[in-house]
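> next one to model:
(one chain, ligands or ions: 1)
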Amino acid sequence: MIALVFAAALAQAQTPSPAPIVGQQSAQDVWDKRCTFCHGQDGKAHTKKGRQYKAEDFTKAKWQKHTTDEEIVDAITNGVPKTKMPAFKEKLSPAEIKSMVPFVRAFGAKK
Ligand code: HEC
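Just a heads-up that it's a prediction; the model follows:
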């Protein structure tokens, strides 16, 4: 019996795992599907909605500097009061929201 369990565990360990966590979307997917509408593909918010709602340009060094990782998580989770930034806590998992932090940070490195 123990040998059987061991063999099963071994077989499992050898099975190549498919997508990391089932159901979790990549930051790029989330961005493309839910964020580009306002923030633009390039994070500059040079979209019709981005301009209308006055979304920030995430490529600006100044924005990157005065915004903390916690603020990014909070903004995506709960939305930004008095702006059109929607809350995503019902739509994205905490892990998905967290994965957006390095993604948003990466815009700062692009010009
Ligand atoms: C309906 C338009 C809209 C959508 C969709 C949207 N945002 Fe926003 N977002 C805004 C606006 C407007 C603000 C407030 C102005 C600002 O700070 O950029 C904002 C603010 C933010 C901030 C905080 C900026 C700060 O200065 O603290 C982050 C981070 C952010 N959005 C990320 C995202 C991510 C990630 C998504 C997709 C999951 C997303 N947004 C979807 C409009 C939108």
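> C-alpha from now on. contacts and neighbour counts both.
Will do.
> which other helices and strands does the longest helix seen in the chain contact?
Counting residues, the longest helix found in the chain (DSSP state H) is helix 94-109. Here helix 94-109 touches helix 27-30, helix 61-66, helix 69-78, going by 3 or more C-alpha pairs under 8 Å, 6 or more residues apart in numbering; DSSP states H and E.
> the helix or strand that the first one is followed by - contacts with which helices or strands?
Once helix 27-30 ends, the next helix or strand along the chain (criterion: DSSP states H and E) is helix 36-39. Counting contacts by 3+ C-alpha pairs under 8 Å, 6+ apart, the secondary-structure elements packed against helix 36-39 are helix 48-53.
> distance from the helix it packs on to the middle of the chain?
For helix 48-53, the separation from the chain centroid amounts to 21 Å (computed by C-alpha atoms, centre = their mean, to the nearest Å).
> packing partners of that helix?
Going by 3+ C-alpha pairs under 8 Å, 6+ apart, helix 48-53 lies up against helix 36-39.
> with only the CA atoms kept, save the helix it packs on in PDB.
Extracted C-alpha coordinates of helix 36-39, given in PDB (Å, rounded to 0.1, in the frame of the first residue of the first chain):
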ATOM      1  CA  THR A  36      -6.200  48.900 -21.900                       C
ATOM      2  CA  PHE A  37      -9.600  50.400 -22.500                       C
ATOM      3  CA  CYS A  38      -8.600  53.300 -20.200                       C
ATOM      4  CA  HIS A  39      -4.900  52.900 -19.600                       C
END
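> report the rounded mean pLDDT for that helix.
The average pLDDT for helix 36-39 rounds to 97.
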